[in-house]
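>>> After the sequence you'll find the predicted model.
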Amino acid sequence: METADWLHQPPPQRHRWHLPWIQTLALIAFWWLAQSLTMFLHWPIPGSLLGLVLLWALLDRGLVKLGWFEHGADGLLKHLMLFFVPAMLAAVDHPEFLSLLGLKLLVTVFVSTLVVMGGTACVVEIGFRLHRHVAAH
């Protein structure tokens, strides 16, 4: 089977501006198809997860090329912070999070993160010491 040469060549300079948009639309279409499939089959998994697995399988098998989605995915990652704007809007809708309650929540999250990180560091250190002790004997 002969592959089309135009698939492996970069687009002309005049067409490069819209390449990320087309690739992003392709990713959205892929997600939409997977979401529709999970809804149609009544599967208890998110369509985005199914789409991710299917896209990975197609990439792994070489049925689709990474270059077909690369610029669109890079564009989404560059603007990822825009997808978190609803969290900020929720904070504005609930002013109690911007008061003493919010400060308490922030301190709780910060302290619990430090405890988890410290606990993980201690467990890793104990594991390394045990490994060194076993290796020395």
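Happy to help now that I have it. Numbering: from 1, shown residues only.
>>> Okay, now the unreliable bits of the chain?
1-18, 87 (pLDDT under 70).
>>> any chance you could map the helices in it?
19-41, 47-61, 70-78, 85-93, 100-136 (DSSP state H).
>>> Let me have the ones you listed in a markdown table, adding mean neighbour count as columns.
Heads up, the C-betas are built off the backbone N, CA and C, glycines and all. Formatted as a markdown table, these follow (neighbours: other CB atoms under 10 Å):
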| stretch | mean neighbour count |
| --- | --- |
| helix 19-41 | 14 |
| helix 47-61 | 14 |
| helix 70-78 | 14 |
| helix 85-93 | 9 |
| helix 100-136 | 10 |
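>>> leaving aside the residues next to it on the chain, what's closest to residue 51?
Leaving aside its chain neighbours, residue 51 sits nearest to residue 34 (3.2 Å; criterion: CB to CB, 6 or more residues apart in numbering).
>>> Could you measure from residue 54 over to residue 98?
To residue 98, residue 54 is 42 Å away according to CB to CB, to the nearest Å.
>>> Sorry, slip of the keys, the one I care about is residue 90.
11 Å.
>>> Residues contacting stretch 34-47, please?
Stretch 34-47 is contacted from outside by 31, 32, 48, 50, 51, 54, using CB atoms under 8 Å, 6 or more residues apart in numbering.
>>> Just put those in JSON lines and tack on distance to residue 40.
JSON lines is the format used below for those (distance: CB to CB, whole Å):
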{"residue": "31", "distance to residue 40": "15"}
{"residue": "32", "distance to residue 40": "12"}
{"residue": "48", "distance to residue 40": "16"}
{"residue": "50", "distance to residue 40": "12"}
{"residue": "51", "distance to residue 40": "14"}
{"residue": "54", "distance to residue 40": "15"}
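>>> Tell me the one among those nearest to residue 60.
Lowest distance from residue 60 to the contacts of stretch 34-47 (CB to CB) belongs to residue 54, with 10.6 Å.
>>> how far away is the most far-flung residue of the chain relative to its centre from residue 75?
What lies farthest from the middle of the chain is residue 137; by CA atoms, centre = their mean that is 44.2 Å. If you measure residue 137 against residue 75 using CB to CB, the figure is 55 Å.
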